[in-house]
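[1] Give me a 3D structure for the following:
(chains A and B)
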Amino acid sequence: AQKVTQAQTEISVVEKEDVTLDCVYETRDTTYYLFWYKQPPSGELVFLIRRNSFDEQNEISGRYSWNFQKSTSSFNFTITASQVVDSAVYFCALSYYTGGFKTIFGAGTRLFVKA
Amino acid sequence: NAGVTQTPKFRVLKTGQSMTLLCAQDMNHEYMYWYRQDPGMGLRLIHYSVGEGTTAKGEVPDGYNVSRLKKQNFLLGLESAAPSQTSVYFCASSPRTVGENEQFFGPGTRLTVL
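    Next up is the predicted model:
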């Protein structure tokens, strides 16, 4: 069965600290896609990144970086030098094919960044 | 370009009442989705549509119906609301199959069933 686990329910850091949000997924498919979304206090979900199962290259975008490792079925997200504006709930998601692609979301990790 | 909009933003219902949530997108996307978000459970797919006139069941479809009569609109109906349907509902759209594309989300509708 397909599954996404975000074991960290809440994380609290002080501004400028680095923080890593963990995401572990389960799938038997060879073709799948992984996503991270951010849900700020305003409530709307915002897309951050997409990775397909054939591309294990890590990615960096400003203070954000993602580490995709198929060997451990993980797609972790690191925020460097965190800021108060990074406070949000972050969701990891897995899309897989079952007669059409479907997406399942992890339970989310709530990040508090204190000034 | 408004993206994905949802109506209403908040609603309180009594058990047994019915209501329809409206989702509209102006990006000409083929795919549209309805999710519910409950504490500690992430987002769960209720129903989705791969094009005008088509709908399909998601992970938690019971108690809900949907319609996609126009490409830009996706309606979610609750025929007889139950307290278990208290949740935040999100609509999303994507240009093609979600596997290859990210989803664009609406602002959500907070529904309370008393």
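[2] What count of nearby residues applies to residue B:32?
    The number of residues packed around residue B:32, counting by other CB atoms under 10 Å in any protein chain shown, is 29. All C-beta spots, glycine's among them, are computed from the backbone N, C-alpha and C.
[3] what secondary structure does it sit in?
    Secondary structure for residue B:32, judged by DSSP: H, G, I helix; E, B strand; the rest coil, is strand.
[4] mind listing what it touches?
    By CB atoms under 8 Å, 6 or more residues apart in numbering or on different chains, the residues touching residue B:32 are B:23, B:25, B:48, B:49, B:68, B:74, B:91, B:92, B:93.
[5] Now do the same for the nearest residue to the third one once chain neighbours are set aside: its pLDDT.
    Okay, so that is residue B:48. In space, residue B:48 comes closest to residue B:33 once its chain neighbours are excluded; the distance is 4.4 Å by CB to CB, 6 or more residues apart in numbering or on different chains. The predicted local confidence for residue B:33 comes out at a pLDDT of 94.
[6] Top of the contacts of residue B:32 by number of neighbours, please.
    That'd be residue B:74 among the contacts of residue B:32, by other CB under 10 Å, with 31 neighbours.
[7] Now the strand or helix carrying that residue: buried residues?
    Assigned by DSSP states H and E, residue B:74 belongs to strand B:73-78. Applying a neighbour-count criterion of 16 or more other CB atoms under 10 Å in any protein chain shown, the buried positions in strand B:73-78 are B:73, B:74, B:75, B:76, B:78.
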